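1. One predicted model, sequence on top.
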Amino acid sequence: MSNTATNAVTAPPGGGRLDGRNGLGGAPRRGVASRIINRVGGGVVQAGLVVIALFWLLPTFGLFIASLRSETDNSGSGWWQIFTAPAQLTFGNYSELLKNDTITSAFVNTVLITVPATILVVVVAALAAYAFAWIEFPGRDWLFLVVIGLLVVPVQVGFIPVARMFGDVGLFGTIPGVVLFHTAFGLPFAIFLLRNYFAGIPRDLLEAARMDGGTEWTIFMRVIMPLGGPAIASLTIFQFLWVWNDLLVALIFASRDSQPLTVAIQQQVRQFGSNIGVIAPGAFLSLIVPLIVFFAFQRYFVQGVMAGSVK
Amino acid sequence: MAQIVLDNVDKVYPGAVRAVDGLTLEIKDGEFMVLVGPSGCGKSTALRMIAGLEDISAGTVSIGDRVVNDLAPKDRDIAMVFQNYALYPHMTVEQNLAFGLQLRGTPKPEIKKRVAEAAKMLGLDQYLKRKPAALSGGQRQRVAMGRAIVREPQAYLMDEPLSNLDAKLRVSMRASLNQLHDRLGVTTVYVTHDQIEAMTLGHRVCVLREGRLQQVDTPQRLFDNPVNLFVAGFIGSPAMNFVTAQLVRDGGPHVAFAGEKLPVPEETFAGKPGLDGYFGREVIVGVRPSDFEDAAHANARWARIPVHTSVTEELGSEINVIFTIDAPPVVHKDTTDLAQDATEGEEDAAIPLVEDKALWTARVNARSHVRPGQDIELAVDTNNLHFFDPDSGVAIGHAAAHAVAPAGA
């Protein structure tokens, strides 16, 4: 920035305009030019982000429109025709969907699988993570290494042995079977995530609670759990999404009576053409619930929960 | 309220690291005991063993008349204030204060009463609904204190509670701590590495080093009669000056060093039995900076030495005169330990001004307008000379000298 430019900006304001912006002191002054560049630069970046976001949303939007058009309209033309013919919009697919027993019972199954699988993982992992982080017991670190090792075991490895075992104990094809499988394969990551978060809680805080008369259980419930909020919220969302969107595990372990929405929708794909009138609204239905869960928990992501605790 | 007794307490960490070594200490009922020492001296470990946060490797700790070695922290009826406060960030100030009482099943009206009392005592009334994040450092510190106070325990344990505050706040919190203790009269064990805090707060101060007790006494007696070079150098700021000198008879007892001679008053020999055995031998002589004065303003009977001023620090009420004497610095395990502690973390915190010459500090009256580079005459109060054995570093003729284990054994 040249000297004259600086002088022009910092020259004493005339006409008694001694407001905060032009007065002496305050934030360091910047030239008009650099401020314009900043403003414009920021605008360009924002516009770019909006374009990317819209582009990303396009398929979802298309699916949504398709779900609101009749079977014949969908097979005749693309969803963008809606802009020229808004009269095509109808809730017919949705009312059909609600009458479709396969889809509604699959939806109920999905909830019955996802909710217990999420709760089980979060509860068991939180307890295990507390022990791994803060309770000393022999072999603790080795055991934790084993948990980390389990992170890399692919889910496919378990299919045949677990299917056999479930068959022996009568869990194969049942909802509890699917729940147990998801829980087992969700736990290593869940424990890993929560342990590392819990281990970051200052030791002094736990010692203070211990001096205050806390037992392990009260410390866990009243100090660790509230402070672990952000990690538990992230874990809940991840686990919920994985299980809700899972197709592979359900395809193998669920039967016709216990199949979730993903399997039910997949079976609407015919050899010749697709049953878009069921698939589009079904997929949209399956998409709504995770969105609700995400928005319900996202406020717990707030940073700075630990602020003010120590120092 | 209760007394706390440590009897031959050891703490050995895996790998045979002895953090605390045979510590025996009796803290009287209602006493304010300060544990002080350089970092790594075991003072915090000792405190945590009293608290029950560390296992005791050997020996016994009793609080009141109970041996508490195997009791959980919550059953010892003590409260602790942590260095970094350790407030529960998800609770308001009120909930923080009440938490310990709730866990003990104190009835609700009682909790309310005690929290209100403590909040009033600490000036926290208007912050009760705030979370710790919305408090300043000093306020958080007071909440941490309050959490201990509401419990009305048998003893308070404080682990460097003021070290995270800025200098000014620390001084005022020190004063309020003093007041608080006068008011509550509860046995307090206080850990610090700051010798000024130790001197101002403690009824008695316990100096630790490498896990061993060096000396326990009132602050004034520690200052006047340090038991060895380590305590002498650690207590007092600026630190005591040391030099290796010859004890000679030359028409009366003298110490000779750096081409100077200071007379030793006859009374000194009466007060330090065994000192006369050092005639013709080397001793380490210690002089407090405060036992110097500008000769122009000093007692006429004090001995004089001429010095060449290197640096002066004018503090307003007095001037620190820093000068070199023509003798090598005293090299002893005790003094090197101290130097290490002083420069900890900063490799070149102390710039060696003059190679192989001891650097001394004298504290003189502000009226003496001494300038750097000036030659002046200093007066020394020879009644307050300290004498140490050059091998063991122990103060010669000190009543408790035999009790101190030799350094670095």
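-> Looks like it arrived, so ask away.

2. List the contacts of stretch A:159-173.
-> The contact list for stretch A:159-173 (Cβ atoms under 8 Å, 6 or more residues apart in numbering or on different chains) reads A:177, A:180, A:181, A:252, A:253, A:254, A:255, A:257, A:258. The way it works is simple: take the backbone N, C-alpha and C, and place the C-beta from them, glycine included.

3. Can you name the residues of chain B sitting close to chain A?
-> B:51, B:53, B:72-74, B:78-80, B:82-90, B:99-100, B:103-104, B:131-135, B:137, B:140, B:147, B:151, B:164 (Cβ under 8 Å from any Cβ of the partner chain).

4. Inside strands: which ones of the residues you listed?
-> B:78, B:79, B:80 (DSSP state E).

5. follow-up on the earlier one: now pLDDT, neighbour count and distance to residue A:133 too, for the contacts of stretch A:159-173, in CSV please.
-> Below are these laid out as CSV (pLDDT from 0 to 100; neighbours: other Cβ atoms under 10 Å in any protein chain shown; distance: Cβ to Cβ, whole Å):
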residue, pLDDT, neighbour count, distance to residue A:133
A:177, 88, 24, 31
A:180, 91, 18, 26
A:181, 91, 26, 27
A:252, 85, 20, 34
A:253, 84, 26, 32
A:254, 82, 25, 35
A:255, 83, 13, 40
A:257, 82, 10, 41
A:258, 84, 21, 36
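
6. Hmm, residue B:93 is touching residue B:129, no?
-> Yes - at 7.3 Å, residue B:93 and residue B:129 qualify as touching, with contact defined as Cβ atoms under 8 Å.

7. Looking at these two now, which is surrounded by more residues?
-> residue B:93 (27 against 10; other Cβ atoms under 10 Å in any protein chain shown).

8. buried ones in the longest helix belonging to chain A?
-> When chain A is scanned for its longest helix (criterion: DSSP state H), the result is helix A:32-67. Using 16 or more other Cβ atoms under 10 Å in any protein chain shown as the test for burial, helix A:32-67 gives A:63, A:64, A:65, A:66, A:67.

9. Turn the contacts of stretch A:159-173 into a markdown table, columns for secondary structure and distance to chain B.
-> Formatted as a markdown table, those follow (DSSP: H, G, I helix; E, B strand; the rest coil; distance: Cβ to the nearest Cβ, whole Å):
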| residue | secondary structure | distance to chain B |
| --- | --- | --- |
| A:177 | helix | 38 |
| A:180 | helix | 33 |
| A:181 | helix | 35 |
| A:252 | helix | 42 |
| A:253 | helix | 40 |
| A:254 | strand | 40 |
| A:255 | coil | 45 |
| A:257 | coil | 44 |
| A:258 | coil | 40 |
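
10. from those residues, which single one is nearest residue B:391?
-> residue A:180 (73.9 Å; Cβ to Cβ).

11. mind listing what residue 117 touches?
-> I'll assume chain A. Per Cβ under 8 Å, 6+ apart, neighbours of residue A:117: A:178, A:179, A:182, A:183, A:186, A:239, A:243.

12. think we crossed wires, I meant chain B
-> residue B:150.

13. any idea how far it lies from residue B:183?
-> 12 Å (Cβ to Cβ, to the nearest Å).

14. so where's the stretch 301-409 of chain B shaky on pLDDT?
-> For the stretch 301-409 of chain B, residues meeting the criterion pLDDT under 70 lie at B:339-355, B:400-409.

15. Could you pull out the strands in it for me?
-> For the stretch 301-409 of chain B, the strands defined by DSSP state E, counting those that start in this stretch occupy B:303-314, B:318-325, B:358-365, B:375-380, B:386-388.

16. Tell me which of those sits most buried.
-> Highest mean neighbour count among the strands of the stretch 301-409 of chain B (mean count of other Cβ atoms under 10 Å in any protein chain shown): strand B:386-388, with a mean of 24.

17. what about it, distance to the chain center?
-> 20 Å (Cα atoms, centre = their mean, to the nearest Å).

18. With stretch B:260-279 instead?
-> 28 Å.

19. And stretch B:369-376, by the same measure?
-> 32 Å.

20. Now do the end-to-end distance for that stretch.
-> 10 Å (Cα to Cα, to the nearest Å).

21. Going by neighbour count, list what's buried in that stretch.
-> Quick answer for stretch B:369-376 (16+ other Cβ under 10 Å): B:370, B:376.

22. ditto for stretch B:379-396
-> Under 16+ other Cβ under 10 Å, the buried positions of stretch B:379-396 are B:379-382, B:385-389, B:392-396.
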